[in-house]
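> can't give you the sequence, but here's the structure:
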Ligand SMILES: Cc1cc2nc3c(=O)[nH]c(=O)nc-3n(C[C@H](O)[C@H](O)[C@H](O)COP(=O)(O)OP(=O)(O)OC[C@H]3O[C@@H](n4cnc5c(N)ncnc54)[C@H](O)[C@@H]3O)c2cc1C
């Protein structure tokens, strides 16, 4: 059995775990915070009476795989397609009408964290919350060729993170 560990339970990890569903891989996720979905974050008060996303706001439909994922593969209970423009406010508190450029602006009545919750729920991944990984150790380069970005010891990778495969917007 292949054992795979993930640092962080953001949408990226949730999507990767989802892609590995149905394999025999044993997936373990270590997440420092108390919730999943990272920067696509939802807060709530009084149960779900007040729900607000303070990170990413909605998922676009630019990629048909994302559309299929949200509207066909995952549970659509509470899925919302925002049809009106999303108004914004800037650092000075000035409110503007925002843009109305996207065909679909999907979120969930219970907030955008639902996307990670639903992705993880479809997997066998074990998610350990409030578990911070203090440091990543990397092997030194060998003549056999360690992959780029894994050659330093204890330092930060020079690799850039890529956009979330879930298309979180
Ligand atoms: C205000 C805002 C607006 C945004 N708008 C857009 C947009 O319009 N379009 C767009 O494409 N994207 C947008 N994004 C970005 C989008 O939210 C991210 O691309 C996406 O959520 C990133 O997912 P991720 O899984 O890659 O990383 P993250 O969501 O950052 O997840 C990383 C996870 O790792 C955890 N973690 C970090 N370090 C450790 C550690 N040492 N140990 C354990 N866990 C750790 C974190 O707690 C987090 O849960 C926006 C983000 C914000 C904040």
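On my side now, so go ahead. Remember, predicted model here, so these are calculated numbers, not experimental data.
> Other residues contacting stretch 19-30?
The list of residues contacting stretch 19-30 from outside it, by Cβ atoms under 8 Å, 6 or more residues apart in numbering, reads 1-9, 13, 17, 120, 122-128, 131-133, 165. Backbone N, C-alpha and C define where each C-beta goes, glycine included.
> could you show me where the strands are in the chain, in order?
3-7, 26-30, 42-45, 50-53, 79-81, 86-89, 95-99, 106-108, 126-128 (DSSP state E).
> how far is the fourth one from where the chain is centred?
Computed by Cα atoms, centre = their mean, to the nearest Å, the chain-centroid distance of strand 50-53 equals 17 Å.
> which of the residues in that strand are buried?
51, 53 (16 or more other Cβ atoms under 10 Å).
> so which of the strands of the chain comes closest to residue 60?
strand 106-108 (7.9 Å; Cβ to Cβ).
> does the ligand sit close to the closest one?
No - legend: contact between strand 106-108 and the ligand by Cβ under 6 Å from any ligand atom is lacking; minimum distance shown is 12.3 Å.
> which helices and strands does that strand pack with?
Strand 106-108 is packed against strand 79-81, with contacts defined by 3 or more Cβ pairs under 8 Å, 6 or more residues apart in numbering; DSSP states H and E.
> strands paired with the strand it packs on, and their directions?
With DSSP bridges as the test, strand 79-81 is paired with strand 106-108 (antiparallel).
> Would you mind marking which of the contacts of stretch 19-30 are also close to the ligand?
Applying Cβ under 6 Å from any ligand atom to the contacts of stretch 19-30, one finds that 7, 8, 9, 13, 132, 133 fall near the ligand.
> Who are the contact partners of the fifth one?
Applying Cβ under 8 Å, 6+ apart, we find residue 132 in contact with 30, 32.
> State the phi and psi torsions of residue 2.
Here is the backbone geometry of residue 2 (degrees, to the nearest 10): phi -90, psi 130.
> that older thread, please produce a markdown table containing the ones next to the ligand among the contacts of stretch 19-30, extended by pLDDT.
Below are these laid out as a markdown table (pLDDT from 0 to 100):
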| residue | pLDDT |
| --- | --- |
| 7 | 97 |
| 8 | 98 |
| 9 | 98 |
| 13 | 98 |
| 132 | 97 |
| 133 | 96 |
